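Engineer: here's my sequence, what's the structure:
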Amino acid sequence: MKFTEFNLSDTLQAGLKDLRFEEPTPVQEKAIPQILNGKDLIGVAQTGTGKTGAFVIPIMEKILQSKREGVKALILSPTRELATQIDEQVFAIGYHAGISSATVIGGSDFSVQAKALKAGVDIIVATPGRLIDQNKVVSIDFSNLEYLVLDEADRMLDMGFLPDMKKIISWLPENRQTLLFSATMPPEIQKLASSIMKNPESIEIERSMPSQQVEQRSYFLKSDQKIPLVKGIFDELEWDSCIIFTSTKKGTDELQRLLKREGIKAASIHGDRSQDERNKALAAFKNNQVPVIVATDVLARGIDIKGVSIIVNYDVPNNSDDYVHRIGRTGRYDKSGIAITFVTRRDKSKFQSIASIKGNKIQQISAPGNFNDPSQFSWKDHFKDSGGGKSKKKDQKKDTRQSSDNERKKRPSRKKQVENQPQQTDSGRQKKQEQTREDVRKSDKRETGKKTARIDQEHKDQKSQKSEKKMEQKEKIVLPPVIEQAIERNKRARKPAKGIWGIIKSFIPKITK
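Structural biologist: Numbers count the residues shown, from 1 in each chain. Predicted coordinates:
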């Protein structure tokens with residue numbers, strides 16, 4: 001089937017031709033006719049299936065036929081990046097048709113967005129939080145709105161946007177066409193759909209499996225082995241660009257710093273970064289200025305990035321759907337790719353649900369503790385070049401290693417050097433050993449004698465110093481004559497008393513007289 005068979009306006013056909021859109025994807029083929037017929041629609045499809053075109057193309061066709069003024073369509077998206085990408089596609093496809101749009105997302109200039117809303121646009125593409133903030137200031141007129149799209153509805157639910165979504169829907173006219181697209185259909189989304197939609201049609205694209213173009217590997221390892229393994233991956237594989245997914249915003253920044261410390265040029269992107277920082281990081285990655293980008297799942301869905309060679313799940317995703325979305329960033333457009341997942345002990349239960357995806361094949365490898373020791377572990381056993389051969393740089397390293405090995409082979413070994421030395425007889429060797437032991441004993445005896453003499457001399461010096469001090473003290477003390485006579489009488493007594501009591505007793509005979 002061709003896009004020309006949908007009987008779209010010439011201006012839209014021109015935009016599709018500019019983008020080289022010739023044949024619709026399965027979800028587009030099923031959704032576009034239903035939307036053109038005015039039906040509410042629930043579409044269940046994974047990322048990378050062309051969902052954006054499935055609702056953007058028919059909505060723009062119907063806007064061209066509408067005679068209403070003001071905002072005609074509102075598209076809600078969970079992330080700034082996805083909202084920006086949707087708006088870019090609206091602009092590209094609707095360029096010749098003159099359809100206007102505005103993005104209302106966090107991190108961008110609030111006043112510029114407010115100015116665009118006041119001027120009037122046909123389509124608003126927004127994240128829920130910023131749209132609520134703008135409506136407090138601008139009081140957006142939704143009275144002529146005809147189309148509401150909830151894109152990646154399950155993702156918005158995961159991010160806690162359900163209350164915001166309900167609030168925004170309450171502003172809109174009840175007489176509208178509602179389109180809901182989601183990768184999964186949890187009970188909360190089903191309940192929301194039943195409350196806001198009228199007899200919706202449903203289309204479901206069979207749950208997408210990871211592309212056969214993607215080679216999947218998992219490594220069971222310890223946390224401190226992750227960085228060396230990333231370096232090993234980059235050294236051994238041929239690649240152009242790599243996305244490394246982490247589970248937390250803090251972990252994203254920490255990993256970026258660690259990679260830079262290891263000499264790997266990397267950017268990072270997550271929800272706490274300003275929109276300007278996120279745009280610059282994504283643009284640098286898309287333009288090949290930065291070969292590695294570290295990101296949370298904000299980059300896993302909807303974002304169209306061409307030519308990603310490797311996906312690394314630095315942290316195991318929470319569920320199998322997130323895993324499929326992540327590794328779907330590579331192996332696109334008939335190109336091959338590699339998806340690698342690091343699994344620690346605490347991640348095994350989460351990984352088990354991923355490994356059990358029906359028909360999915362993941363090569364599971366246990367990284368040994370000495371895997372970063374080239375002498376004990378061969379990277380080649382685990383990293384087979386998927387890009388048609390090693391780079392020149394790697395060949396040069398290999399040649400250097402081979403030349404150094406040859407040099408070592410040319411040098412005589414230590415054992416051979418010893419063997420080449422003149423040999424001594426057994427008796428001569430024994431005499432020499434005995435003489436050496438005797439010399440050691442004599443040396444020890446001399447040292448012991450010197451040490452003993454030194455200690456004795458120190459003791460003598462200490463004794464002489466003490467006696468001299470006592471003599472000096474005696475010479476200094478001058479006793480009264482009465483005391484001296486008492487001391488003498490005490491000495492002449494049969495049992496002389498000691499100390500001060502002896503002196504006192506010597507005074508008793510003198511007192512009794």
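Engineer: what are the ranges of the helices in the stretch 51-200 of the chain?
Structural biologist: Using DSSP state H, counting those that start in this stretch, the helices of the stretch 51-200 of the chain run over 51-65, 80-93, 110-119, 128-138, 153-158, 162-170, 187-196.
Engineer: buried residues, the third one. List them.
Structural biologist: Within helix 110-119, the residues that qualify as buried are 113, 114, 116, 117, counting by 16 or more other CB atoms under 10 Å. To be clear about C-beta, it is placed using only N, CA and C from the backbone, and glycine gets the same treatment.
Engineer: quick check: the farthest pair among those?
Structural biologist: Using CB to CB, the two most remote members of the buried residues of helix 110-119 are 114 and 116, lying 7.4 Å apart.
Engineer: so can I have JSON lines of the helices of the stretch 51-200 of the chain showing mean pLDDT and distance to residue 362?
Structural biologist: JSON lines is the format used below for those (pLDDT from 0 to 100; distance: least, CB to CB, whole Å):
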{"stretch": "helix 51-65", "mean pLDDT": "94", "distance to residue 362": "26"}
{"stretch": "helix 80-93", "mean pLDDT": "90", "distance to residue 362": "27"}
{"stretch": "helix 110-119", "mean pLDDT": "92", "distance to residue 362": "43"}
{"stretch": "helix 128-138", "mean pLDDT": "94", "distance to residue 362": "35"}
{"stretch": "helix 153-158", "mean pLDDT": "86", "distance to residue 362": "24"}
{"stretch": "helix 162-170", "mean pLDDT": "95", "distance to residue 362": "33"}
{"stretch": "helix 187-196", "mean pLDDT": "91", "distance to residue 362": "28"}
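Engineer: out of the ones you listed, which is closest to residue 274?
Structural biologist: helix 80-93 (10.1 Å).
Engineer: tell me which residues of that closest one come out buried.
Structural biologist: In helix 80-93, counting by 16+ other CB under 10 Å, buried: 80, 81, 82, 83, 84, 85, 86, 87, 89, 90, 93.
Engineer: ok, these vs residue 17, which is closest?
Structural biologist: Using CB to CB, residue 93 comes nearest to residue 17 of these, at 10.2 Å.
Engineer: I'd guessed that closest one sits against residue 60; true?
Structural biologist: Yes: using CB atoms under 8 Å, residue 93 is in contact with residue 60, at 6.4 Å.
Engineer: which neighbours do those two share?
Structural biologist: Common neighbours of residue 93 and residue 60, using CB atoms under 8 Å, 6 or more residues apart in numbering, are residue 12.
Engineer: can you tell me the closest non-neighbouring residue to residue 319?
Structural biologist: Counting by CB to CB, 6 or more residues apart in numbering, residue 319 lies nearest to residue 353, which is 6.7 Å off, once chain neighbours are set aside.
Engineer: residue 143 too?
Structural biologist: residue 173 (6.6 Å).
Engineer: where does this protein dip in pLDDT?
Structural biologist: Across the chain, the ranges flagged by pLDDT under 70 are 46-48, 206-211, 301-302, 332-334, 358-359, 368-484, 486-487, 489-513.
Engineer: residue 70: neighbouring residues, count only.
Structural biologist: 13 (other CB atoms under 10 Å).
Engineer: show me what contacts it?
Structural biologist: So residue 70 contacts 120, 141, 143, 144, 145 (CB under 8 Å, 6+ apart).
Engineer: ok, 7 Å please
Structural biologist: 120, 141, 144 (CB atoms under 7 Å, 6 or more residues apart in numbering).
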